[in-house]
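Colleague: predicted coordinates and the sequence they were generated for:
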Amino acid sequence: MSSKFRAILSIICGVLLCTVGLIRLLTESFSFIPLIFAVGGLFGFIGWILELKKINSTKEQ
C-alpha cells in the first residue's frame with residue numbers, strides 16, 4: 001500500500017468519524033463518546049491532510 005493511498009484512505013476515515021460524532025452529538029443528549037469521535041476525526045483529518053501535502057511536495061522535487 002503506497003503512502004499516498006494510505007493518506008487518502010485515512011482522510012476519508014477521519015471525515016466519516018467526525019461526521020458520525022457530530023451527528024450523534026446533535027441528535028442525542030450531550031455525551032462524551034461522540035465528542036471524542038468528532039474531535040478525533042477532526043484531528044485525524046487535519047493531520048493526514050498535512051501528511052498528504054508533505055508526500056506530494058516530496059514527490060515533486
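Modeller: In hand now; what should we look at?

Colleague: now for the closest residue to Leu52 other than its chain neighbours: which residues touch it?
Modeller: Among residues not flanking Leu52 along the chain, Ala7 sits closest, at 4.2 Å (CB to CB, 6 or more residues apart in numbering). (Glycine included, C-beta is placed from N, CA and C.) Applying CB atoms under 8 Å, 6 or more residues apart in numbering, we find Ala7 in contact with 48, 51-52, 55.

Colleague: what residues sit buried inside the helix or strand hosting Ala7?
Modeller: In the assignment (DSSP states H and E), Ala7 maps to helix 3-27. Judged by neighbour count (16 or more other CB atoms under 10 Å), helix 3-27 contains these buried residues: 7, 10-11, 14, 17-18, 21-22, 25.

Colleague: just checking, next helix/strand downstream of it?
Modeller: helix 32-60.
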